[in-house]
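Visitor: Predicted structure and sequence below. I'll ask about it afterward.
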Amino acid sequence: MTATAPAASGPGPLLRLDGATVRFGARAVLDAVDLAVAEHEIVCVLGPSGSGKSTLLRAVAGLQALDAGRIALAGHDQAGVPAHRRGVGLMFQDHQLFPQRDVAGNVAFGLRMRKVPRAEQALRVAELLDLVGLPGAQKRAVSALSGGEQQRVALARALAPRPRLLMLDEPLGQLDRSLRERLVAELRELFQELGTTVLAVTHDQGEAFALADRVVVMREGRIAQSGTPLEVWRRPADEFVARFLGFDNVVDATVTGGSAETVWGKVPVPQGTADGRCRLLVRPAGVRLTGADDGLACVVTGRTFRGTHVAVRLEPTGGEGAPRLEAACGLRDAPEPGARVGVRFAVEEIVVLRPGAAS
Ligand SMILES: Nc1ncnc2c1ncn2[C@@H]1O[C@H](COP(=O)(O)OP(=O)(O)OP(=O)(O)O)[C@@H](O)[C@H]1O
């Protein structure tokens with residue numbers, strides 16, 4: 001349907017970036033990025049504002065030229081290939097629907113561009129509207145649709161030309177939380193059903209973790225970590241990733257023979273941890289509360305209900321300026337602010353962070 005190379009990509013990845021670099025002035029906004037996306041894979045690029053996520057998408061789409069490196073789709077170098085010949089679909093945060101056209105007119109946009117016969121366009125539009133949960137919405141005015149419905153129309157429009165790679169830029173950015181959570185689950189099912197290869201960017205970690213087969217965390221134009229949602233969540237590679245994911249129990253440590261000295265006292269470390277100085281992350285689930293006279297003495301300074309658990313903030317009372325801690329407690333056994341407790345650390349929730357990447 002598109003005027004591009006066939007969708008089959010052989011054994012190699014569908015998308016491959018080698019040393020992809022984009023500079024604005026002296027600054028590399030995309031800094032020698034290597035990334036491969038396999039066919040049918042859903043990859044979410046996550047990172048703070050300004051880390052280069054949109055630039056990455058724009059470069060793959062052909063809307064931004066590289067200053068160095070290479071982008072290949074199905075093994076073909078895309079240097080000099082214009083955006084409309086790359087066979088990639090793009091969906092931006094603000095949907096960019098055409099307000100003067102009805103739903104069908106919007107969804108059929110890419111098909112008209114490709115001069116698909118009208119009857120086939122109508123069939124395809126009906127099929128896509130069914131797929132995104134808006135059956136029979138062809139004649140509705142887009143201005144009369146809710147935000148979630150507009151998002152579905154934008155998705156149907158992006159999918160209509162059957163792109164070999166679908167790229168989403170903050171696809172659910174403007175929607176409220178509950179709608180986002182519902183749509184993200186639907187999107188994942190839809191992409192799996194269609195076998196769509198997806199490269200999405202978002203700054204919302206919940207969205208990335210729910211949507212992706214693989215999460216890529218970016219920092220200042222580089223990839224800080226790439227892995228399955230579980231791998232990244234369980235084992236943030238460095239302090240930047242840990243803090244970006246909201247883990248703040250990070251401390252300097254000196255490891256000797258399987259345990260570490262820290263300002264929080266002795267902390268057990270995973271088997272095989274090398275002796276010497278390092279930074280440790282203690283995931284909140286590994287901060288175990290015990291009796292006030294056992295382990296690190298702390299006072300509870302606050303608690304926040306998180307649905308599945310209560311986040312309990314703790315201030316060590318030793319008086320040596322030890323940083324605060326957060327513990328994840330069961331809903332029934334979270335202590336009240338002001339309570340005095342002791343803290344012990346569970347080795348399975350301790351992560352040795354890669355050095356040299358502070359937040
Ligand atoms: N055309 C441009 N000229 C100069 N600087 C640019 C241009 N486009 C982007 N930048 C800069 O490049 C950096 C990365 O921008 P980019 O939009 O890729 O980040 P992002 O991670 O997508 O951020 P956000 O989450 O805020 O959208 C930013 O500092 C931005 O100001």
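Guide: Yes, it's here.
Visitor: what comes into contact with the lowest-mean-pLDDT helix or strand in the chain?
Guide: Across the helices and strands of the chain, the lowest-confidence element by mean pLDDT, DSSP states H and E is helix 177-194, at a mean of 83. Contact partners of helix 177-194, identified using CB atoms under 8 Å, 6 or more residues apart in numbering, comprise 42, 131-133, 147-148, 151-152, 155, 159, 166, 171-172, 175, 196, 198, 204, 206-207, 210-211. (Each C-beta comes from the backbone N, C-alpha and C, glycine too.)
Visitor: Sort out for me which of these are in helices.
Guide: L131, G147, G148, Q151, R152, L155, L159, G206, E207, A210, L211 (DSSP state H).
Visitor: Now neighbour count, pLDDT and distance to the ligand too, for the residues you listed, in TSV please.
Guide: Output for these, formatted as TSV (neighbours: other CB atoms under 10 Å; pLDDT from 0 to 100; distance: CB to the nearest ligand atom, whole Å):
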residue	neighbour count	pLDDT	distance to the ligand
L131	16	83	28
G147	13	81	19
G148	18	82	21
Q151	25	85	18
R152	26	86	22
L155	27	87	20
L159	23	88	23
G206	12	87	15
E207	23	88	12
A210	17	90	18
L211	25	92	16
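Visitor: who touches the residue positioned nearest the centre of the chain in this structure?
Guide: By CA atoms, centre = their mean, the mean C-alpha position of the chain lies nearest to A208, the distance being 3.1 Å. Contacts for A208 (CB under 8 Å, 6+ apart) come out as C44, V45, L46, A200, T202, V215, P229.
Visitor: 6 Å instead?
Guide: Contacts were defined as CB atoms under 6 Å, 6 or more residues apart in numbering; by that measure A208 touches C44, L46, T202, V215.
Visitor: just those residues now: which is nearest the ligand?
Guide: T202 (8.3 Å; CB to the nearest ligand atom).
Visitor: how far away is I42 from G195?
Guide: I42 sits 11 Å away from G195, taking CB to CB, to the nearest Å as the criterion.
Visitor: for F209, same thing?
Guide: Taking CB to CB, one finds F209 at 21 Å from G195.
Visitor: re earlier: which residue, neighbours along the chain excluded, lies closest to the residue nearest to the centre of the chain?
Guide: C44 (3.8 Å; CB to CB, 6 or more residues apart in numbering).
Visitor: residues in contact with the helix or strand that that neighbour is a member of?
Guide: Assigned by DSSP states H and E, C44 belongs to strand 42-46. The contact list for strand 42-46, computed with CB under 6 Å, 6+ apart, reads 37, 53, 191, 198-201, 205, 208, 211-218.
Visitor: and those residues, which of them are in strands?
Guide: Counted as lying in strands by DSSP state E, out of those, are V37, V198, L199, A200, V201, R214, V215, V216, V217, M218.
Visitor: Keep only those of the residues you listed that are also close to the ligand.
Guide: Filtering the ones in strands among the contacts of strand 42-46 for neighbours of the ligand using CB under 6 Å from any ligand atom leaves an empty set.
Visitor: could you dump these to JSON lines with neighbour count and pLDDT?
Guide: Shown next, in JSON lines, are these (neighbours: other CB atoms under 10 Å; pLDDT from 0 to 100):
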{"residue": "V37", "neighbour count": "22", "pLDDT": "97"}
{"residue": "V198", "neighbour count": "25", "pLDDT": "95"}
{"residue": "L199", "neighbour count": "26", "pLDDT": "96"}
{"residue": "A200", "neighbour count": "26", "pLDDT": "94"}
{"residue": "V201", "neighbour count": "25", "pLDDT": "93"}
{"residue": "R214", "neighbour count": "19", "pLDDT": "96"}
{"residue": "V215", "neighbour count": "26", "pLDDT": "97"}
{"residue": "V216", "neighbour count": "24", "pLDDT": "97"}
{"residue": "V217", "neighbour count": "26", "pLDDT": "96"}
{"residue": "M218", "neighbour count": "27", "pLDDT": "96"}
